[in-house]
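[1] pasting the sequence and the predicted coordinates here, then a few questions.
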Amino acid sequence: MDKFTVTINGHTIEAKPGQSVLQTALDNGIHIPHYCFHPGLPVAGNCRMCLVEIEGVPKLQIACGTTVRDGMVVWSNNDRVRQAVRHVLEFLLINHPVDCPVCDQAGECGLQDYYMLVGRYDSRFAENKVVKHKKATPIGRWVMLDQERCILCSRCVRFTREITKTNEMAIFNRGDHAEIDVFPGGELRNRYSANIVDICPVGALTCRDFRFRCRVWYLKQAPSICPGCARGCNIAIHFNPERPHHAGGRRVLRFKPRPNPHVNAFWLCDDGRYSYPFIDDHRLRFAALREEGGVRQLYLKDALDRLADWLRASRSGRTAYLLSADSSNEELFAARKLLRDALGVRCLLPDTGLRTGDADDFLICEDKHPNTRGARILFGLGENDPVAPDRLEAGLGAELPELLLVNRADLPSPLRDKLLAAGTRLVFLGTNDNATAAAAHLVVPLVVFAEQAGTFTNFEGRVQKFELAVPPLGDAAPEWSVHQGLAERLGIDLAFPGPAAIFRQLTAEVDAFRGLSHESLTPHGAMIRHE
Amino acid sequence: MSEIAHALIVTGYILSVVLTLAALLTWMERKQSALMQDRIGANRASILGFRAIGLFHIIADSLKMFLKEDFVPARGVRLFHTLAPFISAFCALAIFACIPFGPSLPLGDTTVNLWIFDSDISLLYVLALGSLGIYGIFFAGWSSHNKFAYLGAMRGAAQMLSYEIALGISLIGLIMVYGSLSLNDIVHYQGRQLFGFLPAWGVFLQPLACLIFLTAGIAESKRNPFDMPEGESEIIGYFTEYSSMKFGLFFLADFIEVVVVAALVTVLFFGGWQVPYLQADGFQLPGGTHWELAPLAVGLIQVGAFCAKLFFFCWLQLTIRWTLPRFRYDQLMRLGWQFLLPLSIANILVTGIILVCR
Amino acid sequence: MSERILSKRFDLADSHTIGVYEATGGYATARRVLQELTPAQVTDEVKKSNLRGRGGAGFPTGLKWSFIPKDTDRPVYLCVNADESEPGTFKDRHIMEKDPHLLLEGIIISAFAIGCHQAYIYIRGEYIPQIRRLRAAIQEAYGRGCLGRRVFGSGFDLEVAVYTGAGAYICGEETALLESLEGKKGYPRLKPPFPAVVGLYGCPTIINNVETLANVPAILEKGGDWYAAVGAHRSGGTRLFGVSGHVIRPGVYERPMGYSLKQLIFEDAGGILDGRALKAVIPGGSSVPVLRADEIDIALDFESVATAGSMLGSAGVIVMHDGTCMVRALQRLIHFYKDESCGQCSPCREGTGWLLKIINRIIRGDGRPEDVAVMRDVAEGILGNTICPLGDAAAMPVISFVTKFRDEFEHYIRHKRSAVPAPVK
Amino acid sequence: MAKPKLNLLERLYLPEILRGLLITTRHHFANLTVHILHRVGLAKGKRGAVTFQYPEDPRPVARRLRARHRLMKRPDGSTRCVACMMCETICPAHCIYIVADEHPDPRIEKRPKSFDIDLGICVMCGYCVEACPEDAIRMDTYITETSSFTREGMLLTLDDLMNHHNEDNFPKHTSS
């Protein structure tokens, strides 16, 4: 038999044999309170919050540690269960310092949630709380430990034991003096350490980077894809739209992993997670033109006029375009339609983000761009691409181009100097400031991935969708709309109403993407057809 | 004394009485409304710590008016914008030319007439000037290039036209009785007695006309409960774009009109300067009692009586203004056209029938 | 005097040596079993005997053995639970001290029955003389071919090792014992899976109490039916009752299942100390509900004691006379459980500490009227909601104490002193 | 709303208008009399108006009046506020701006680096006081004169909120 029928709170639902009662309930939208259970970790069964009554079993059973049987009848909402859960919650709370005002977890705290759900609202605890050793102590680069807030669910211990296999954490002492900690003299050294902040159901483990920046209820979130490497981990962008006085004006405050069983399960590496500041820091907001006597800021439309003039003036074959693997599929496709197909511009993908040897066997990839695979497919790049920095000059052709459009990349400074000396007009299209942007004759500001919707193709060919989170800064525009603006000025027919339409055209024109649609990309993305 | 000098002196006297009264009314309105509403009212302006129950506010206000920026809207019409308050104030003031403030006072060997001119068409003159006042309002609204001002002006025009008719017609009965349009004649006529004891005042001869005239008169002066053109709570009104002394003039004209209405009611319906039983030689009570007085004393008492009556009707208008709530525009129009106009026509008919049958 | 199965050699000189043991018929049964019987026959005989676990829960031993998967390709382990830490219980140490070979013979037969070639004796670290005796006995047994390769010349190999615990009460819980044996922190495991399927190192494992295994040779010697007949109801054989507290002759008494508790206290143990009146009896080790003096006219077998509202548990009978302050007595018990809670699951970790704080406060004289109800409610919150029975063990005495001696608790709270006068020194 | 039915007399208006005039006139002359008597030093116990002559004659305020805010202090003089943002969150006018910072004492953990209230926006609803879990903000200063010539002048900073010239007048009651 491959399907069981179980009845939970009167709802008859199907269950997979071998699955736990709790997982079955959660999969079917029935919420049973739980702390120690996490779908990505082995079952510990120690918090006792998920107690349920199973008909025919005299004692209450924990839903996380009980596998379903066919015909099982489970109650998680009757008085007996509620009473027991209320007891357990009371036990967890008696020694918990109710310092919610200073606790960063407040607002996304399991204790608060279940207190509202099943709590005994008036405390009966007239004693002194147990005082533990560590309050607000850093235990790693990213993680702050507060032992008093800990409810000893052991999720973090199990994470370091089972997922990273680094075993930095353990529970020390016994009874009500038990406390989590890193081993004496040690600290969290794995590259996934901040995941224990995510899985901690209370405020015992908080993020040192996010600490006191913003209360979580001010945050809104948008589903997205981590741009940190070619893995394409699913993330939620947490941003603060209304209170600019927090976090020094940064809008995006953190990335949180979103579960995707095909890519990142429940996890996210620290490198990707803390890559978010580029969204707000050192951004190019307005177009800039370098003239005799200095740099002048100008409107985007005027910059596009200028660039269109330059493109028109440049002799065919003497214009080159350096692609970026940070662009979305849609942006790359727009570049392909305009620059490669319509104008015959030479398009190269420079290699700027390969950190050889940095990969591990879990999530981290050597290629630090989210869409190298997409760029390769859309521009039909061969073995020599991406082009290593030392071969870039050769790649540009026999004579240096008259007009060079650089997308986001920072050129190696010898090449840059040589180009400028040779009189090449350097146009920088990009999101963040760098040396090339500073030296360019024309700067066109682009939006970052969080300011638009689109898709990335990860290293294994999985196309995944990301959504708009925050509005563009200043005059910055999506790359596809820049290409479209140029096309209008050059009299080329290239009309896209938006990224969704581009994606439709892309799936119609590019073989590898044929058959994909936005619907097929939810929720876990979809694989391209193999070339 | 030459005619000119005489006219100038009398004009000066009348202007001083009217303007002083109008200025005083600005203070009185605030104080009276405060008393009626259990408040204290204006009392902050002080000179050397001396407050004079708020009387200095008159000075303070006019100083303020003079010192304010004289503002004309950029797209307004400067000429009419400037002209408007003068028309308003002029028309209101000019009415006083034919209002007798008292009898002819014998001063030594001359007599001083306490009116500027007397004519057979005085009443028509009064009505004509009253109607001209509308131009001030209309110019103000139109030249301001402001929709609220314009709305106020339109309302004002409609309202004044409507009530002008009832006002005029209500007087016809009176003219039929008095048989004259000269205000002096009318006042003299009211020195008689009806049935031997009742002064022959217009209010007794034409009680309905009196009521209609008072109502329509208040409406003409555009004050609560008829302050549609101003409508502070909704459109601010025709002087929205006015500041400085131009606004001051409108403001003053407003109070002069109060005095005008009071003066006309006094003259037409309450015996003008007549005091009951006071004849040229003294009091002659109905029982035959006679109390002789010097002609000058009689004259002064009559001047005083006129001022007292004038003051009383000013007070009455203020009391009405601070007692009654504002009409809605449709109610205002219905009252004018469907109520006052038919009533005033009926009044003429009844008066005519009585006169014919007598 | 009734049948003595376990303690028959206790009075002999040098009863712990293999010489004495073999001279009194020792190892004969094991030798016969290994040569003549099949494992299934042994298990059947034990099933027939109604032998029930002596550790406290009273689970039928034969049934437990039969849970071992028949065709497993993994090794099967036998763990002997000699971590006798229950307050009021001191029977296993007598077996290990006076007759360790009886235990070893039981181990040999049991291991044969379940197909185990490696047995571990997990003994509490404080039992130093017993550890020495046991190690010496194992040495002797190896020397005589009773253990090791080809036991008694049969084709059956068996290694026995002694493992000393570090003094944690929780390691007497069978799965915590396994964790400890594996070298980890003594945290009880979630059940299912039961150890008989996934036990030590993930292999099928049987965990039996010392006294349980010591009964096995007699069952195989005289037959399961005979053994069942010795006891009462569905509890076969005899038990070692450890009587302690306010009695004249405290000690270990072997009596058949179904023996009268009253007789045990007033005749065998000589009655109450100082001629005082009996107040309360805890019949099965500190973790079972207490019985008032008027409730003790019961038979000591699993079913009868359960009917009386308590449990036979590990048969450690704790007797308290009327000079005992029940509040202080409960404080001692709670203190013990609070100290011994492993801290893994929330109700027991937090609840025992809370209970201790409340009762300490009562004894300090700061009790509140609602405290009794709160204690009861807290204990009920622990009861049945934990991974292992330690939570129940802590909760049951609390519930029974505050229910049956409520007056004393309320008196203490109201008057800030005990209802029982302090004992005269 | 149902309109009241008017009887004939009421529909004639005039009697009702006269009745209204009588009421207002009565007030007018009664108050006038009292004021005149006051001038000559009589009838001191009778008030002729409900007006308070602010500022010479400050209006008595309710004990519960919500006036300008203040931040409470710990015994060592530092602020009691832990920058939990409850007040900032509940504020319906969005007039509170808090930036949190690490407190040097790990037992307190959090403190406000800056705490600004824009009185130009504040609606004096008192929700911030209700929401505060630390009793760190109160509106019991009885300071009602909070005008300024600039918008910036209406912004109270942490320092403004903690130090007041009339601190002695504040209610003394303290809760934990």
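    Yep, it's here.

[2] pLDDT below threshold where in chain C?
    Low-confidence segments of chain C, defined by pLDDT under 70: C:1-2, C:423-425.

[3] try 90
    C:1-4, C:55-58, C:70-72, C:153-155, C:166-167, C:191-192, C:231-236, C:419-425 (pLDDT under 90).

[4] tell me how far the residue nearest the centre of it lies from C:G167.
    Per C-alpha atoms, centre = their mean, the C-alpha nearest to the average position across chain C is that of C:G55, at 3.0 Å. Using C-beta to C-beta, to the nearest Å, C:G55 is found at 18 Å from C:G167. Heads up, the C-betas are built off the backbone N, CA and C, glycines and all.

[5] and for B:I134?
    Distance, B:I134 to C:G167, using C-beta to C-beta: 110 Å.

[6] who has more neighbours out of the two?
    Neighbour totals were compared for B:I134 and C:G167, and B:I134 leads with 22 against 12 (other C-beta atoms under 10 Å in any protein chain shown).

[7] wait, the more buried one sits on B:A158?
    No - in this structure B:I134 lies outside contact range of B:A158 using C-beta atoms under 8 Å: 9.9 Å.

[8] okay, and the common contacts of these two?
    Residues touching both B:I134 and B:A158 by C-beta atoms under 8 Å, 6 or more residues apart in numbering or on different chains: none at all.

[9] and stretch C:39-47, what's buried?
    Going by neighbour count (16 or more other C-beta atoms under 10 Å in any protein chain shown), the buried part of stretch C:39-47 is C:P39, C:V42, C:T43, C:D44, C:E45, C:V46, C:K47.

[10] residue contacts, the residue lying closest to the last one once chain neighbours are set aside?
    The one in question is C:K47. Spatial nearest neighbour of C:K47, excluding adjacent residues (C-beta to C-beta, 6 or more residues apart in numbering or on different chains): C:G62 at 3.1 Å. C:G62 sits next to C:T43, C:D44, C:E45, C:V46, C:K47, C:K48, C:S49, C:L51 when contact means C-beta under 8 Å, 6+ apart.

[11] that older thread, the nearest residue to the residue nearest to the centre of chain C once chain neighbours are set aside: neighbour count?
    Once flanking residues are discounted, C:G55 sits nearest to C:N209: 3.7 Å by C-beta to C-beta, 6+ apart. Neighbours of C:N209 under the rule other C-beta under 10 Å: 24.

[12] most widely separated two among the buried residues of stretch C:39-47?
    Pairwise distances across the buried residues of stretch C:39-47 peak at 12.5 Å for C:P39 and C:K47 (criterion: C-beta to C-beta).

[13] measure the residue of the stretch 51-200 of chain A found nearest chain D to chain B for me?
    With C-beta to the nearest C-beta as the measure, A:P101 is the residue of the stretch 51-200 of chain A nearest to chain D, at 3.3 Å. Counting by C-beta to the nearest C-beta, to the nearest Å, the separation of A:P101 from chain B is 47 Å.

[14] and that residue, which of the three is it?
    Here A:P101 is recorded as helix under DSSP: H, G, I helix; E, B strand; the rest coil.

[15] on that earlier part again, show me what contacts the residue nearest to C:G55?
    Residues near C:N209 by C-beta under 8 Å, 6+ apart: C:G53, C:R54, C:G55, C:V80, C:N81, C:D92.

[16] so what's the fifth one bridging to?
    As for beta bridges, C:N81 partners with C:Y122, C:N209 under DSSP bridges.

[17] part of a helix, is B:P286?
    No - secondary structure of B:P286 (three-state DSSP): coil, not part of a helix.

[18] count of neighbours near it?
    12.

[19] what sits closest to it if chain neighbours are left out?
    That would be B:F197: by C-beta to C-beta, 6+ apart, it lies 4.2 Å from B:P286.

[20] which one is the residue of the stretch 51-200 of chain A closest to chain D nearest to, not counting chain neighbours?
    Using C-beta to C-beta, 6+ apart, the closest residue to A:P101 is D:C84 (3.3 Å).
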